[in-house]
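Visitor: fold the stuff below for me.
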Amino acid sequence: MTPSEARYALLVRLAWELHAIPVNSWLVLLGRAEPVLYVPRNDGRKDAIVALPHTGRWLLLWRGTVFDGGDLRVAARRIAMGAAR
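Guide: Purely as a prediction, here's the structure:
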C-alpha cells in the first residue's frame, strides 16, 4: 500500500469512528492532492484533519493537536468533544 493509500484508509476509518459518535465528516480527495478529512464547527466552518507519517507510525493533526493514528476511537472522541465547542 502506498503512503497515499494508507493515509486515505486511515482517514476513512477515522470518519467511521466519528460517524458512530455521531459527528458529520467529509473526506476530500482532489486530483493529485492528498486526502483530507473535515469536521464541522459550531460557526458553520469546517476544520481539517490530516494524517502524517512519523517514524513508522501515523499521526493525526487537528486544530494544532496531535493524536496517535493507532487509536482512532480515542482520537474520534476527543475530536467530537472539541468540535462541539
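Visitor: partner residues bridging the residue nearest to the spatial centre of the chain?
Guide: In the chain, the centroid-proximal residue (Cα atoms, centre = their mean) is residue 49; its distance is 4.1 Å. Here residue 49 sits in beta bridges with residue 37, residue 62, going by DSSP bridges.
Visitor: tell me the contacts of the closest residue to residue 7 other than its chain neighbours?
Guide: In space, and not counting its chain neighbours, residue 7 is closest to residue 51: 4.6 Å by Cβ to Cβ, 6 or more residues apart in numbering. Every residue, glycine included, has its C-beta placed from N, CA and C. Contacts of residue 51 were listed using Cβ atoms under 8 Å, 6 or more residues apart in numbering, and they are 7, 10, 11, 35, 58, 59, 60, 61, 69.
Visitor: find me the pLDDT at residue 51, would you?
Guide: Reported pLDDT at residue 51 in the predicted model: 98.
Visitor: so it, which of the three states?
Guide: strand (DSSP: H, G, I helix; E, B strand; the rest coil).
Visitor: residues contacting the residue nearest to the centre of the chain?
Guide: By Cβ under 8 Å, 6+ apart, the residues touching residue 49 are 11, 14, 36, 37, 38, 39, 60, 61, 62, 79.
Visitor: residue 47 contacts residue 61, correct?
Guide: No - using Cβ atoms under 8 Å, residue 47 makes no contact with residue 61, being 10.5 Å away.
Visitor: just to revisit the earlier point, could I get the contacts of residue 51 as JSON lines with secondary structure and distance to residue 25?
Guide: JSON lines is the format used below for these (DSSP: H, G, I helix; E, B strand; the rest coil; distance: Cβ to Cβ, whole Å):
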{"residue": "7", "secondary structure": "helix", "distance to residue 25": "15"}
{"residue": "10", "secondary structure": "helix", "distance to residue 25": "13"}
{"residue": "11", "secondary structure": "helix", "distance to residue 25": "9"}
{"residue": "35", "secondary structure": "coil", "distance to residue 25": "12"}
{"residue": "58", "secondary structure": "strand", "distance to residue 25": "17"}
{"residue": "59", "secondary structure": "strand", "distance to residue 25": "18"}
{"residue": "60", "secondary structure": "strand", "distance to residue 25": "12"}
{"residue": "61", "secondary structure": "strand", "distance to residue 25": "15"}
{"residue": "69", "secondary structure": "coil", "distance to residue 25": "16"}
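Visitor: having no further points to raise, I will conclude here.
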